[in-house]
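Peer 1: please find the sequence and the predicted model below.
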Amino acid sequence: MRVVLVCPYAWEAAGGVQVHVRRLAVRLRERGHDVRVLAPGAAESTDPWVRIVGRPIRVPYRGTVAPIAPQAYVRTSRAVAELAPDVLHVHEPLAPSVSMYATLASRAPVVATVHAYLDRSRAMEMSAPVLRRVWRRVTEGVAVSETAARFLRRSIPEADVEIVPNGVDADAWAAPDRVAEDLPAGRRIVWAHRLDPQKGFPVAVAAFAKVVTEIPEAVLIVAGDGADREALGLLSSSARARVRLLGTVPNDRLPPIHASGEVFVAPATGQESFGVALVEAMAAGLPVVASDIPGYREVVTHGVHGLLVPPRDPEALAKALIRVLTEPGLAARLGDAGRARSGEYDWSIVVDRLEELYRRAVDRPPRPRPGGRWLR
């Protein structure tokens, strides 16, 4: 089957959707599918199966930055026509970027995956009539979680979606090729997210300041970068010396870092639909301490796979981290349960479900629309 995957965000940028699309493309190609990817980007990709169809613009929105390509309609439309897919699988089709344009241009059946979640989006509410027109072009709808599905239905109540979560390569996280050897010694707390307000890095820093007073050998390993690195200025010089900044680390280089840690911290302030970073940490056997927010609750059960604390509460976060690092048997119990849970999100399961949706989309008879053109 010829499958075209469409990513709305800059292909070279660090982001969960980009990682998901790349991994999905690899898995589908391993199963014999002819796979192409369309995405915006600052330069051509070194992957021959990726076509860059527009230059991204960094658009600030709700505490993060979306690198989208709102000017890429013509190039996207041409690429979809030239590739002539059996099925088009778009990600975030309601963002004004390549995925939306591919959905509108496609003559092939469209499978659409919604990843996003916001506590409130006035822009989506105001754009609902337009977004409904886009969604009517979707043959099979997918959401990565019930949280994402609820967010979609705020603007499109009639949207029919199946829940197919993000995938992880559980074995690669559980048994990395090596363990990171260049990290400082101590009780390692692992952070692997962007450093922006959505991910809660200032909360993690404030909590770490409290953890160090109770566990002087604690170390914060930071894999990620962003403007919120400035939050480290709030630490005392001695606490700051216990932080190792690694900068942006490609996803496939994270498993050795996780294997070197004792606990994973994820104090996101909201706007998380799923929590793939949590699943990756769980696959690595790391106990998770995370915010008690809707998307994370779908992955982690408090007291079973990890500990959940109120968002924006450094005191509660610090207490949970200290508990995991000091309470006998707790880290091992949470880590074992998390590793077992992560197997439910293995790519082998996720790709099986998506292949079934592709077949269903292709087999669905087309439906007429005004003007004489037929839609899947």
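Peer 2: Nice, thanks for sending it over.

Peer 1: low-confidence bits of the stretch 101-250 of the chain, can you list those?
Peer 2: Low-confidence regions of the stretch 101-250 of the chain, defined by pLDDT under 70, span residues 119-124.

Peer 1: same thing but at 80, please
Peer 2: Residues of the stretch 101-250 of the chain meeting the criterion pLDDT under 80: 118-126, 177-179.

Peer 1: tell me where it has strands.
Peer 2: Per DSSP state E, counting those that start in this stretch, the stretch 101-250 of the chain has strands spanning 110-114, 140-143, 161-163, 187-192, 218-223, 243-247. These are given in chain order.

Peer 1: looking at those strands, which is nearest to Arg58?
Peer 2: For Arg58, the closest of the strands of the stretch 101-250 of the chain is strand 243-247, at 18.5 Å, according to CB to CB. For the C-beta atoms, the positions are set from N, CA and C on the backbone; glycine is no exception.

Peer 1: other residues contacting the helix or strand following that closest one?
Peer 2: For strand 243-247, the following helix or strand on the C-terminal side (DSSP states H and E) is helix 255-259. When contacts are taken as CB atoms under 8 Å, 6 or more residues apart in numbering, the neighbours of helix 255-259 outside the stretch itself are 172-173, 176-180, 183, 190, 192, 221, 223, 246, 249, 264, 280-281, 284, 286.

Peer 1: swap in 6 Å and give it another go.
Peer 2: Contacts of helix 255-259 with the rest of the structure, by CB atoms under 6 Å, 6 or more residues apart in numbering, involve Ala172, Trp173, Pro176, Arg178, Val179, Ala180, Val190, Ala223, Ala284, Leu286.

Peer 1: give the rounded mean pLDDT of the one helix or strand Leu357 maps to.
Peer 2: Assignment of secondary structure by DSSP H and E places Leu357 within helix 347-363. What helix 347-363 shows for mean pLDDT is 97.

Peer 1: most tightly packed of the strands of the stretch 101-250 of the chain?
Peer 2: strand 110-114 (a mean of 27; mean count of other CB atoms under 10 Å).

Peer 1: just to revisit the earlier point, nearest to Asp336 among the strands of the stretch 101-250 of the chain would be which one?
Peer 2: When the strands of the stretch 101-250 of the chain are ranked by distance to Asp336, counting by CB to CB, first place goes to strand 187-192 at 17.7 Å.

Peer 1: in its sheet, what does that closest one sit against?
Peer 2: Here the strand partners of strand 187-192, with direction, are listed using DSSP bridges: strand 218-223 (parallel), strand 263-266 (parallel).

Peer 1: between strand 243-247 and the first one, find me the angle.
Peer 2: Interaxial angle, strand 218-223 versus strand 243-247 (axes from the mean of the first three to the mean of the last three CA atoms, to 10 degrees): 10 degrees.

Peer 1: centre of the chain to strand 218-223, how far?
Peer 2: The chain centroid and the centroid of strand 218-223 are separated by 21 Å under CA atoms, centre = their mean, to the nearest Å.

Peer 1: run through who's touching that strand.
Peer 2: Contacts of strand 218-223 (CB under 6 Å, 6+ apart): 183-184, 186-192, 208, 211-212, 242-246, 249, 257.

Peer 1: and the strands of the stretch 101-250 of the chain: which comes nearest Gly200?
Peer 2: The closest approach between Gly200 and any of the strands of the stretch 101-250 of the chain, judged by CB to CB, belongs to strand 187-192 at 9.8 Å.

Peer 1: the closest one: how far from the chain's middle?
Peer 2: Relative to where its chain is centred, strand 187-192 has its mean C-alpha point 19 Å off (CA atoms, centre = their mean).

Peer 1: same check, this time on stretch 235-249
Peer 2: Taking the mean C-alpha point of stretch 235-249 and that of its whole chain, the gap between them comes to 25 Å (CA atoms, centre = their mean).

Peer 1: now swap in stretch 352-372 and tell me
Peer 2: 26 Å.

Peer 1: going forward, begin numbering at 117 instead of 1
Peer 2: Sure, I'll start numbering at 117, so the last one becomes stretch 468-488.

Peer 1: circling back: so which of the strands of the stretch 217-366 of the chain comes closest to Arg449?
Peer 2: Distance to Arg449, taken as CB to CB, is lowest for strand 303-308 among the strands of the stretch 217-366 of the chain, at 17.7 Å.

Peer 1: which stretches of the stretch 117-266 of the chain form helices?
Peer 2: Assigned by DSSP state H, counting those that start in this stretch, the stretch 117-266 of the chain shows helices spanning 132-146, 189-199, 214-221, 238-242, 244-251, 262-271.

Peer 1: closest one of the contacts of helix 371-375 to Glu274?
Peer 2: Nearest to Glu274, judged by CB to CB, of these is Trp289 at 37.8 Å.

Peer 1: right, and that closest one touches Met398 too?
Peer 2: No: the pair Trp289 / Met398 is not scored as a contact, 8.3 Å apart, by CB atoms under 6 Å.
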